[in-house]
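[1] Could you work out the structure for the sequence below:
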Amino acid sequence: MSILEVKDLRVSFHTYAGKVQAVRGVSFSVDKGKTLAIVGESGCGKSVTVQTIMKLTPTPPAFIEEGSILYEGKDIVGYTEKEMQKLRGKEFSMIFQDPMTSLNPTMRVGRQINENILKHMSLSKKEATERTMEMMRLVGIANPEINMLRYPHTYSGGMRQRIMIAMGMSANPKILFADEPTTALDVTTQSQILDLINDLKKKFQMAVVLITHNLGVVARMADHVAVMYAGKVVETGTVREVFYEPRHPYTWGLLKSMPDAADTDGSRELTAIPGTPPDLFAPPEGCAFAARCPYAMKACLKAQPEETCLSETHKVSCHLLDPRAPKVEPYHAKRHKLD
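    Alright, predicted model coming up:
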């Protein structure tokens, strides 16, 4: 059974210039102990979707126009701020993109972890301090009795991200949202952070929703993938289905732009997706990707594609899957290794 289900979620921002339709009918589900990766270009609605689930989008200007967010079977769309505060930190937590702007620079890191523990767990101050040190050890920070007294600016980027993970995991959440958790980190630190999240997922059997544009991270971390474009999910499936049997031209473009470790002589050319994403003040009438798609037909410009179920887990929204459409050879990413 899914621990989180998002159904036809539509989120808009009402601005002085008009309404921005940031999320336009997004649906997906996450199972306990599994990782869902949401991928796509910047501005496609990944972060807004997750922040809406957490009720972190400011209202106004953001409004949920339609849809439901089911957490353990209960629709939380209508929850008040007070009700959401009981869920945040305890039931689900979030690792933000930049820990330096997420941590309070005027508070010692130990106290910041401590706050979440005292709020959501029935522990004394002494027990909460012990729990804080335990979490710091768990994320690989040595001598926590000393390091918990330090301020965020005295830590490196990777260590600050570890503090964010310790804070997020301190109350044993059931879902961890990770928004680009390895942005601006060096390759070695990225690897350590990803391994840490994976280890904690297995240890606590929690679900993970990973937001990223890095398909290498997806191949390493995810069980299922949702590909987003212009506020919509255009393809979903298991990581193997999306990597080895992609059926949406946008997914093909993302895979073609991904470096290949097997290409040692540099003979494989990386292909950029031409053009720019559409203006979500006035989304196109038909498929949002049509203007950039080399296979676009007249129907793509006039009508939204229906979702096609290729398997129980693999779903694609593209007119090319219509039996009347011209036959196009799918892109097969056979070189990308997932094991």
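[2] Give me the residues contacting the helix or strand hosting Val217.
    With elements taken from DSSP states H and E, the one containing Val217 is helix 215-221. For helix 215-221, the external contacting residues (C-beta atoms under 8 Å, 6 or more residues apart in numbering) are 35, 37, 39, 182, 190, 194, 197-198, 208, 210, 212, 225, 239, 243, 254-255, 258-259, 336-338. Yep, even glycine has a C-beta here, placed from its N, CA and C like the rest.
[3] how about 7 Å then?
    Counting contacts by C-beta atoms under 7 Å, 6 or more residues apart in numbering, the residues outside helix 215-221 that touch it are 35, 37, 39, 182, 194, 198, 210, 212, 225, 239, 243, 254-255, 258, 336, 338.
[4] Could you point out the helix or strand that follows it?
    Scanning onward from helix 215-221 (DSSP H and E), the first element met is strand 224-229.
[5] That next one - contacts with which helices or strands?
    If you count contacts as 3 or more C-beta pairs under 7 Å, 6 or more residues apart in numbering; DSSP states H and E, strand 224-229 packs onto strand 35-39, strand 232-238, helix 239-244, helix 249-256.
[6] Out of these, which is closest to Lys126?
    Proximity to Lys126, assessed across those by C-beta to C-beta, is greatest for strand 35-39 (35.0 Å).
[7] how about the CA coordinates for the next helix or strand after that closest one, as PDB?
    Secondary structure here is assigned by DSSP H and E; on that basis, the next helix or strand after strand 35-39 toward the C-terminus is helix 46-53. Extracted C-alpha coordinates of helix 46-53, given in PDB (Å, rounded to 0.1, in the frame of the first residue of the first chain):
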ATOM      1  CA  LYS A  46       9.400  19.600  -9.000                       C
ATOM      2  CA  SER A  47      10.100  21.700  -5.900                       C
ATOM      3  CA  VAL A  48       6.700  23.300  -5.900                       C
ATOM      4  CA  THR A  49       5.000  19.900  -5.900                       C
ATOM      5  CA  VAL A  50       7.000  18.700  -2.900                       C
ATOM      6  CA  GLN A  51       6.700  22.000  -1.000                       C
ATOM      7  CA  THR A  52       2.900  21.900  -1.600                       C
ATOM      8  CA  ILE A  53       2.800  18.400   0.000                       C
END
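[8] buried residues in helix 46-53?
    Under the neighbour-count criterion of 16 or more other C-beta atoms under 10 Å, helix 46-53 has 46-53 buried.
[9] now do stretch 107-119
    Of all the residues in stretch 107-119, those buried under the rule 16+ other C-beta under 10 Å are 108-110, 112-118.
[10] How about stretch 142-151?
    Within stretch 142-151, judged by 16+ other C-beta under 10 Å, the buried ones are 144, 147-148.
[11] first vs last residue of it, how far apart are they?
    One end of stretch 142-151 to the other measures 15 Å (C-alpha to C-alpha, to the nearest Å).
[12] try stretch 83-98
    From its first residue to its last, stretch 83-98 covers 27 Å (C-alpha to C-alpha).
[13] Could you number the chain from 27 rather than 1 from now on?
    With 27 as the first residue, the last one maps to stretch 109-124.
[14] Tell me which residues are up against that stretch.
    The contact list for stretch 109-124, computed with C-beta under 7 Å, 6+ apart, reads 80-81, 97, 128, 142, 145-146, 190-191, 194-195, 197, 199-207, 209.
[15] Spatially, which residue comes closest to Phe307, not counting chain neighbours?
    Gly44 (5.0 Å; C-beta to C-beta, 6 or more residues apart in numbering).
[16] Against Ala308, how distant is that neighbour?
    Spatial separation of Gly44 from Ala308 under the definition C-beta to C-beta, to the nearest Å is 8 Å.
[17] I'd assumed Pro304 was in contact with Glu67.
    No: Glu67 lies out of contact with Pro304 (C-beta atoms under 7 Å); the separation is 11.5 Å.
[18] Excluding chain neighbours, what is closest to Gln77?
    Across the structure, with C-beta to C-beta, 6+ apart as the measure, the residue nearest Gln77 apart from its sequence neighbours is Thr83 (4.9 Å).
[19] In terms of helix, strand or coil, where does the one you found fall?
    Local secondary structure at Thr83 is given as coil here, using DSSP: H, G, I helix; E, B strand; the rest coil.
[20] again, but for the one 3 residues further on
    The assignment at Pro86 comes out as coil when based on three-state DSSP.
[21] Spell out the secondary structure type for Thr297.
    coil.
[22] coming back round to it: the residue nearest to Gln77 and Lys227, how far apart?
    Looking at Thr83 against Lys227, where the rule is C-beta to C-beta, the gap reads 26 Å.
[23] between these two, who's got more neighbours?
    In this view Thr83 and Lys227 are compared by other C-beta atoms under 10 Å, and Thr83 has more residues nearby, 21 against 18.
[24] For the stretch 127-276 of the chain, which residues score under the pLDDT cut-off?
    210 (pLDDT under 70).
[25] Let me see the ranges of the helices in it.
    For the stretch 127-276 of the chain, the helices identified by DSSP state H, counting those that start in this stretch occupy 135-146, 151-164, 170-173, 183-195, 213-230, 241-247, 265-270, 275-282, in order along the chain.
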